[in-house]
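[1] next comes the sequence, and after it the predicted model I'd like to discuss.
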Amino acid sequence: MTRIVTVAGAQLGPVQLADDRDSVVERMIVLLQEAASQGADLVVFPELALTTFFPRWFVDDIATTDHFYERSMPNAATQPLFDEARHLEIGFCLGYALLEDAPDGTQHRWNVQTLVERDGSIVGTFKKVHIPGHETNEPDRPFQHAERYYFEPSPDGFGVWDAFGGRVGMMICNDRRWPESYRLMGLQGVELILCGYNTPLHYAPDPSQDPLQGFHNGLVMSAGAYQNGTFVVGVAKGGLEEGVDSLADSSIFAPSGELLAKAETNDDEVIVAECDLDWCKQYTGTLFDFAKYRRPELYGPIAQP
Ligand code: CDT
C-alpha cells in the first residue's frame, strides 16, 4: 500500500491589527478550498495565523492582550474552518496563541499548533519549545520581538503522532533553526514535520543577517529533512504587516533535502507536494540508520545545560 500524503502549505500574507478573526478565517477557507481542489489531504497554516504578530508590541499589562489568545479550539471564530475542512475531508494544522486556565488557578500563555485529522478530530496540540526574542521592552529596536514576555516555553518537548497514515511531528518557527528539534522527532520515527513561522526580515541584534533570512530558512529545513530522513513543511505569514516586513518563502522539503515546492509571492498562496512517506526509509534505513550508526554514548554534552 502506498503512503502518499498530498500536503499543502497555506501561506498567509499580512494580518493587520484591524483584521478580525472572521476575515482571516474566510481567507483560510479560500486557501483550504484551493488546496482541496489540488488534491491535498493536509493543509498547513502559519504560526499565530489568526491574528497579527502581536509580540511586536510591548505592553505593561499583559492582560490587555488577552484578546489575541484563543481560550479553546475549535471556538466560534474557527468553527467555520473546522466545518469546511471536515466537509472537504481534508486535515489541517493551525498555529495560534492559547491562554489556558490550569486546574490550580494559574494561567498559561502558549504559542501552539493544533493538528486536525480529515474527520475533524484533534490529533494533538504542540507548544513551541524555543521561544526567541526578549522578555522586557527594548525601545531602541524599530519593533519589538517580545515572545519571551508573551509565551512560556513548552514543558513537553517534541512529540510525534500517528496521523495521515504516517508519523507526524510539529515545531513552530524558531524551533526550525535548532537541530535538536528535528532529531528528537527523528528518534521517534517522524516522517512529516509541520512548521508555521513569522520571521521578520530585520533582526535587530545583528542586521547583517537580514539579507540571509531566506537562505537560513531553506538551509535549516533542508538540512533537518535530510539528516533525519523526513519531509519538512514550513509555512509563513509573510509580507508587510503593521510596518514590519516578514519572510514568505513557504517551502516543502523531501527526505533527500531537496526542495519540492516553494511560494512565489508574499501573500496568500497555496503550495502543494505529493509526499510519499516511504521515501523516508531510503534515508532512515541506510545512511541515517540511527540504531546502527549513531554514537549516543558520545553525545552526552548535547543534553547538558
Ligand atoms: N516567530 C519566531 O519564532 N520568529 C523568529 C525570529 C527570531 S528574531 C527575534 C525566527 O526564528 O524566525
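    Now that the structure is in, tell me what you want to look at.

[2] so where is the stretch 151-300 of the chain shaky, pLDDT-wise?
    Within the stretch 151-300 of the chain, no stretch falls below the threshold (pLDDT under 70).

[3] residue numbers of it in contact with the ligand?
    By CB under 6 Å from any ligand atom, the part of the stretch 151-300 of the chain that sits against the ligand consists of 173-174, 177, 197-199, 203. C-beta coordinates here come from the backbone N, C-alpha and C atoms, glycine included.

[4] looking at these, which is nearest Ile252?
    Distances from those to Ile252 were compared by CB to CB; the smallest belongs to Tyr197, at 13.6 Å.

[5] Ile4 versus the closest one, what's the distance?
    Distance, Tyr197 to Ile4, using CB to CB, to the nearest Å: 26 Å.

[6] which of these two has more neighbours?
    Neighbours were tallied for Tyr197 and for Ile4 using other CB atoms under 10 Å; the higher tally belongs to Tyr197 (26 against 15).

[7] need phi/psi at the more buried one.
    As for Tyr197, its main-chain torsions (degrees, to the nearest 10) stand at phi -150, psi 150.

[8] show me what it is bridged to.
    In this structure, Tyr197 bridges to Ala236 when assessed by DSSP bridges.

[9] hmm, it is touching Glu47, no?
    Yes - taking CB atoms under 8 Å as the contact criterion, Tyr197 and Glu47 are neighbours in contact, 5.3 Å apart.

[10] spit out the residues that contact these two alike.
    Where contact means CB atoms under 8 Å, 6 or more residues apart in numbering, the residues bridging Tyr197 and Glu47 through contact with each are 172-173, 237.

[11] ranking those residues by neighbours, who comes first?
    Lys237 leads these on contacts (other CB under 10 Å) with 30 neighbours.

[12] that one touches Leu12, doesn't it?
    Yes - the pair Lys237 and Leu12 qualifies as a contact (CB under 8 Å) at a distance of 4.6 Å.

[13] show me whatever sits in contact with both of these two.
    Overlap of the contact sets of Lys237 and Leu12 (by CB under 8 Å, 6+ apart) consists of 46, 49.

[14] I'd like the shared contacts of Tyr197 and Glu47 written out as TSV, with distance to Pro296 added.
    Below are these laid out as TSV (distance: CB to CB, whole Å):
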residue	distance to Pro296
Ile172	26
Cys173	28
Lys237	37
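
[15] and of those residues, the nearest to the ligand?
    Sorting these by how near they are to the ligand, with CB to the nearest ligand atom, puts Cys173 at the top with 3.3 Å.

[16] residues making contact with stretch 59-75?
    Contacting residues not belonging to stretch 59-75 are listed as 50-51, 54, 78, 81-82, 94, 96-99, 109, 114, 122, 125, 149-150 [CB under 8 Å, 6+ apart].
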